[in-house]
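>>> I'll drop the sequence and a predicted model, then ask my questions.
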Amino acid sequence: MSIAFLVIVFIIAAILFSSFVTVQQGTIAVVTVFGKYSRILSPGLNFKTPFIEQISSRISIQNRSVELEFQAVTVDQANVYFKAMLLYSVLNHDEETIKNVAFKFVDERNLMQALIRTVEGSIRAYVATKRQADVLILRNDIVIHVKEQIDQILESWGYHLQDLQLNDITFDDVIMKSMSQVVASNNLKAAAENEGQALLITKTKSAEAEGNAIKISAEAERLAAQLRGQGIALFREEVAKGMAVAAKEMQQADMDTSVILFTMWTEAIKHFSENSKGNVIFLDGSGENMQRTMKEMMALNVLGQQQPIGKI
């Protein structure tokens, strides 16, 4: 009797234990009754009818990603190689959406195959209308085109495309090499243009600076010459005034004014000898030259008596 009771208790406990099921967070369980869809179970502790209701599948509602590598051909027959990352998730938690996710495809492998081929086909169809030179700058346009083309298809499957990232776009080695050469030649051209502009600016500034220096030097030379001329004029004026005063005093003292000229001549010779700095000055010291010099001075004196000395 006790053994039968224990068996009954064990069976009841097993039935009760199998009546409760735990669904993990981020997952929804699909319940079927004799193979037919019945309902869905939300995350947490749920109750189901023992031996009748079965959990056929557990569907993740979290974001999932897959990497793609495929090739496309442009309208000018250039091969383009893509590496992309596809981010997708279940569209929502509605019952109809979960039913589509659970029963549209036989298994996860078939879903991934259909999803990848759909994305690749959409990109290939878009790239086939573009030229090779335009593909690199159309990265965002390709993503927008793909999302517009396959969103409706994915919604019928119960999924939504969150994001498509084209991580790498490459071409054949020959095309990549030619593109590098084009970029290098453009860079060299830009560098040459910049260097030419810099040299032109340098030459222009140098010429402007040289012109300004010449202008300043010429102006300084003009002022210096003007000042020298004024100095010479003042010197001559002072000499004339001094000679006039000296001649007047000599006349008042009843002395020959030619002595002044003789003194000026000897002072000039003394000045030449003191400031010649090694230059040789030849003077005729003979008596005849002395007499000729005195006669010339006396002639100047006579001329001075006929004309005021200040105007000589």
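That came in fine, so what should we check first?
>>> from here on, contacts and neighbour counts on C-alpha atoms
OK.
>>> And the contacts of stretch 73-92?
Taking contacts as Cα atoms under 8 Å, 6 or more residues apart in numbering, the residues outside stretch 73-92 that touch it are 60-72, 97-98, 101, 124, 127-132, 155, 158-172.
>>> And stretch 33-51, by the same measure?
Outside stretch 33-51, the residues touching it (Cα under 8 Å, 6+ apart) are 15-16, 18-32, 52-54, 95.
>>> got the buried residues for it?
37, 40-42, 48 (16 or more other Cα atoms under 10 Å).
>>> and Thr129, what element?
Using DSSP states H and E, Thr129 sits in no helix or strand.
>>> On the three-state scheme, the closest residue to it other than its chain neighbours is what?
Leaving out its chain neighbours, the residue that sits closest to Thr129 by Cα to Cα, 6 or more residues apart in numbering is Val75, at 5.4 Å. Under DSSP: H, G, I helix; E, B strand; the rest coil, Val75 falls in the coil class.
>>> Tell me where the stretch 51-200 of the chain has strands.
Ranges of strands within the stretch 51-200 of the chain are 53-60, 64-73, 79-90, 159-171, based on DSSP state E, counting those that start in this stretch.
>>> can you redo these as CSV with mean pLDDT, distance to Met112 and mean neighbour count?
Formatted as CSV, the strands of the stretch 51-200 of the chain follow (pLDDT from 0 to 100; distance: least, Cα to Cα, whole Å; neighbours: other Cα atoms under 10 Å):
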stretch, mean pLDDT, distance to Met112, mean neighbour count
strand 53-60, 87, 14, 17
strand 64-73, 89, 9, 15
strand 79-90, 90, 11, 18
strand 159-171, 86, 12, 17
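>>> out of those strands, nearest to Lys215?
Taking Cα to Cα, strand 159-171 is the member of those nearest to Lys215, at 62.2 Å.
>>> other SSEs contacting the closest one?
strand 79-90, helix 139-157 (3 or more Cα pairs under 8 Å, 6 or more residues apart in numbering; DSSP states H and E).
>>> Sheet partners, orientation included, of that strand?
Strand 159-171 pairs in its sheet with strand 79-90 (antiparallel), by DSSP bridges.
>>> got the angle between the strand it pairs with and strand 53-60?
Here strand 79-90 points in a direction 130 degrees away from that of strand 53-60 (axes from the mean of the first three to the mean of the last three Cα atoms, to 10 degrees).
>>> Quick check: the gap between the closest residue to Val66 other than its chain neighbours and Leu136.
The shortest distance from Val66 to any residue other than its chain neighbours is 5.2 Å, reached at Leu86 (Cα to Cα, 6+ apart). To Leu136, Leu86 is 19 Å away according to Cα to Cα, to the nearest Å.
>>> got it, and Gly35?
Going from Gly35 to Leu136 by Cα to Cα gives 51 Å.
>>> circling back to that earlier point, from the buried residues of stretch 33-51, which land in strands?
37, 40-41 (DSSP state E).
>>> Closest to Val106 out of those?
Within those, the smallest distance to Val106 is 14.9 Å, found for Tyr37 (Cα to Cα).
>>> Could you report the distance from that closest one to Thr202?
Look at Tyr37 and Thr202: by Cα to Cα, they are 84 Å apart.
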